[in-house]
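Visitor: Compute the structure for the input listed below.
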Amino acid sequence: RSQFGDSRRTEIIDSMLDLTHEDLIEEEDLVVTLSRAGYIKSQSLDSYQSQKRGGKGKMAMASLDDNDDVLQDMFVARNHDELLFFTNLGRIYNIPVYQVPEASRTAKGRAIVNLLPLNPNEYVVKLLCTKDLDDKNLVMLTKKGIIKRTLAQEFGNIRSTGIRAITLNESDELVFCSLSSGQDTIVIATAKGQGIRFK
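Guide: Predicted coordinates:
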């Protein structure tokens, strides 16, 4: 100490840096896939390449023929984006994209009930990404013909337990949900083939 000792050259202070789990996740584009039966997965966008003329395409999910299931929603999102899940009971849940389990291109995915606190007989009608909500309207339609339009930004902050997006009458449920610019034309068709068109 007498030979090498000198005054401290660094100052030890309380860290003002608040790191979260999210800060440690590198940003990348992911393909998010949801089936109607409620299986969800994410995978790197690099799993897909542009097809040349005569290309046969690639499977985006395991064959659903045997399960009476269909692909419901599929889009590209950044892994720090928030996902909005609209359910048939009129509720919205949200989770960040990075919490969706990654799976291979041909995998079916994971059941959505493992990620969201869904009630019995509750299922996801529509999956949206919050990055698409700017200057948009959200149009919701129920089984009994109630339609509602709301500014999409109102669904920007959602509790982990979900919030109510639309109040439903008894035995009614949300069947359709989509984004609109507010200047679009909407066509609604019934099960009996009747249709109506309006702005």
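
Visitor: which residues of the chain score low on pLDDT?
Guide: 15-17, 51, 55, 57-66 (pLDDT under 70).

Visitor: Strands along that one, start to end?
Guide: In chain order, the chain shows strands spanning 29-35, 39-44, 71-78, 82-87, 91-96, 110-111, 124-129, 137-142, 147-151, 163-164, 174-180, 186-189, 195-198, with DSSP state E as the criterion.

Visitor: Keeping just the C-alphas, turn the second one into PDB.
Guide: These are the backbone C-alpha positions of strand 39-44, laid out as PDB (Å, rounded to 0.1, in the frame of the first residue of the first chain):
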ATOM      1  CA  TYR A  39     -52.700 -22.300 -31.200                       C
ATOM      2  CA  ILE A  40     -50.100 -19.500 -31.400                       C
ATOM      3  CA  LYS A  41     -46.400 -19.300 -32.200                       C
ATOM      4  CA  SER A  42     -43.800 -16.900 -33.400                       C
ATOM      5  CA  GLN A  43     -40.800 -17.500 -35.700                       C
ATOM      6  CA  SER A  44     -38.000 -15.500 -37.300                       C
END
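
Visitor: related to what we said a few turns ago, would you list the strands of the chain in JSON lines and tack on distance to I12?
Guide: Glycine gets a C-beta too; all of them are placed from N, C-alpha and C. Putting the strands of the chain into JSON lines (distance: least, Cβ to Cβ, whole Å) gives the following:
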{"stretch": "strand 29-35", "distance to I12": "40"}
{"stretch": "strand 39-44", "distance to I12": "41"}
{"stretch": "strand 71-78", "distance to I12": "37"}
{"stretch": "strand 82-87", "distance to I12": "37"}
{"stretch": "strand 91-96", "distance to I12": "34"}
{"stretch": "strand 110-111", "distance to I12": "45"}
{"stretch": "strand 124-129", "distance to I12": "43"}
{"stretch": "strand 137-142", "distance to I12": "51"}
{"stretch": "strand 147-151", "distance to I12": "49"}
{"stretch": "strand 163-164", "distance to I12": "44"}
{"stretch": "strand 174-180", "distance to I12": "51"}
{"stretch": "strand 186-189", "distance to I12": "62"}
{"stretch": "strand 195-198", "distance to I12": "67"}
